[in-house]
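Peer 1: Structure for this input, please:
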Amino acid sequence: MRNFFLLFLVFPLIELFVLIRVGASIGASATLLLVLAGGVLGVLCMRLAGLTTALKVRERMAQGEVPNKDMLNGLLLAVGGGLIFLPGFISDVIGLLCLLPFVRQWLIQRVAQYMEHSAARSREYYARSTTYTKHHGYSETRETHVIEGEYERKDQ
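Peer 2: A predicted model of the protein is given here:
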């Protein structure tokens, strides 16, 4: 809950503060041009990475598979492009970091470790739940009871 507070309230305020300070230092027109250039660069990065990569990652995660490194690489390129697209200089710096190859490789290793750990926990939970149902006599599929009959409305 605290993270969402920071993400949606504090981060935009800090972005706005930095934007105003930069605008006061270099001028409003130069700041506007930098923000517009960042937006164009962000759109180009997202097109380069392609939203299809993000959809493939989501699809493979839904199937319980760990996405391969190429898909994670494309996803990080899309995230970096999205951050650059957002107006503000802090998000631009974070987005540019996502575009650097060595940072992407480090993030891919961290995300892959997290996904492997998460998938192992999920498999362990599934194994425990199926063992529990087998030992306690519960069936895997639930049977439905259908009572057939006829009815007639008498209120008319």
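Peer 1: Show me which helix or strand of this structure is least confident by mean pLDDT.
Peer 2: The weakest-scoring helix or strand in the chain, judged by mean pLDDT, DSSP states H and E, is helix 51-62 (a mean of 72).
Peer 1: Give me the average confidence score over the following helix or strand past it.
Peer 2: Downstream of helix 51-62, the next assigned helix or strand under DSSP states H and E is helix 69-85. Averaged across helix 69-85, the pLDDT comes to 84.
Peer 1: what's helix 69-85 packed up against?
Peer 2: helix 28-49, helix 51-62, helix 89-99, helix 101-135 (3 or more CB pairs under 8 Å, 6 or more residues apart in numbering; DSSP states H and E). Yep, even glycine has a C-beta here, placed from its N, CA and C like the rest.
Peer 1: any idea of the mean pLDDT for the last one?
Peer 2: This means helix 101-135. When pLDDT is averaged over helix 101-135, the result is 78.
Peer 1: how many other residues sit next to Leu107?
Peer 2: By other CB atoms under 10 Å, the residues close to Leu107 number 19.
Peer 1: Leu72 versus Lys56, what's the distance?
Peer 2: According to CB to CB, to the nearest Å, Lys56 and Leu72 sit 10 Å apart.
Peer 1: More neighbours: those two, which one.
Peer 2: Leu72 (21 against 17).
Peer 1: which residue sits closest to that one, ignoring its sequence neighbours?
Peer 2: Ile108 (4.7 Å; CB to CB, 6 or more residues apart in numbering).
Peer 1: Spatially nearest residue to Leu83 (excluding sequence neighbours)?
Peer 2: Take Leu83 and drop its neighbours on the chain: the residue closest to it by CB to CB, 6+ apart is Gly95, 3.2 Å away.
Peer 1: and that neighbour, what does it touch?
Peer 2: Residues in contact with Gly95 (CB atoms under 8 Å, 6 or more residues apart in numbering) are 42, 45, 79-86.
Peer 1: which two in these are spaced the farthest apart?
Peer 2: The span of the contacts of Gly95, defined through CB to CB, is set by Cys45 and Leu86 at 12.1 Å.
Peer 1: which one of those two has more residues nearby?
Peer 2: The residue with more neighbours, out of Cys45 and Leu86, is Cys45; 22 against 18, by other CB under 10 Å.
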